[in-house]
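1. Provided below for reference: sequence and predicted model.
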Amino acid sequence: GAVVSQHPSWVICKSGTSVKIECRSLDFQATTMFWYRQFPKQSLMLMATSNEGSKATYEQGVEKDKFLINHASLTLSTLTVTSAHPEDSSFYICSAPRPQMNTEAFFGQGTRLTVV
Amino acid sequence: AQKITQTQPGMFVQEKEAVTLDCTYDTSDQSYGLFWYKQPSSGEMIFLIYQGSYDEQNATEGRYSLNFQKARKSANLVISASQLGDSAMYFCAMREGRYSSASKIIFGSGTRLSIRP
């Protein structure tokens, strides 16, 4: 069964509104989670590293104020796309490594965001 | 900086044949892990196989095996006896720091594999 749950699986929002995506680790605690973005027919690009109890670490070129990350607990990280625009339409997917299991990284089901 | 290169944007293979998906990587770290993931049209990332940089033997998982050539920095995925359900995108990925599950994973550009009946 799934060990990382991501919600919602798809969302359509109006331009200018904000959208929150949740990533939950099931049956294990994740002090670190990763957020990726994938445009059609492209690879997964790491956006940021979410750290429980501290600020997220963003990759170069990713706007911190636009993509707000909150790691509220050891099992939940959220990504909020603020003031969304059509160019933010993409597939967002989170990953949560299970501690002491470095031979695998678990991914959520992904969220397909469409901004109209 | 670490980098993953997949030079095959797309491949067509006849059902039941074996297929090799190429992956080369670049890293200055001596300790790292290599992954292969399958991504069907649904978008989910399905873990296939892992190879640690210090593992002496090539990893195998069922019909999947990883041809690890450390000196050449290559980690090709071999799928034996391909099936129609193998049609998907395949990503090679790397994480620096063998024992650090909290290290970020970066991905190659992917290979779209299509299996012909």
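-> That came in fine, so what should we check first?

2. and the gap between the most centrally placed residue in chain B and residue B:77?
-> In chain B, the residue lying closest to the centroid (Cα atoms, centre = their mean) is residue B:36, at 3.2 Å. With the distance defined as Cβ to Cβ, to the nearest Å, residue B:36 ends up 5 Å from residue B:77. Just so you know, the C-beta spots here come from the backbone N, C-alpha and C atoms, and that holds for glycine as well.

3. any idea where the helices of chain A begin and end?
-> Per DSSP state H, chain A carries no helices over any range.

4. and it, which of its residues are near chain B?
-> Residues of chain A found near chain B (Cβ under 8 Å from any Cβ of the partner chain) are A:31-32, A:34, A:38, A:42-46, A:49, A:91, A:93, A:95, A:97-107, A:109-110, A:112.

5. which ones among the residues you listed lie within strands?
-> Using DSSP state E, A:32, A:34, A:38, A:45-46, A:49, A:91, A:93, A:95, A:97, A:105-107, A:112 are the members of these that sit in strands.

6. quick one: low-confidence residue ranges for chain A.
-> Counting by pLDDT under 70, chain A has low-confidence residues at A:1-2, A:99-102.

7. how many other residues sit next to residue 55?
-> I went with chain A, as the question did not name one. 12 (other Cβ atoms under 10 Å in any protein chain shown).

8. hmm, I had chain B in mind actually
-> Burial of residue B:55 is recorded as 16 neighbouring residues (other Cβ under 10 Å).

9. so who does it touch?
-> Under the criterion of Cβ atoms under 8 Å, 6 or more residues apart in numbering or on different chains, the contact partners of residue B:55 comprise residue B:68.
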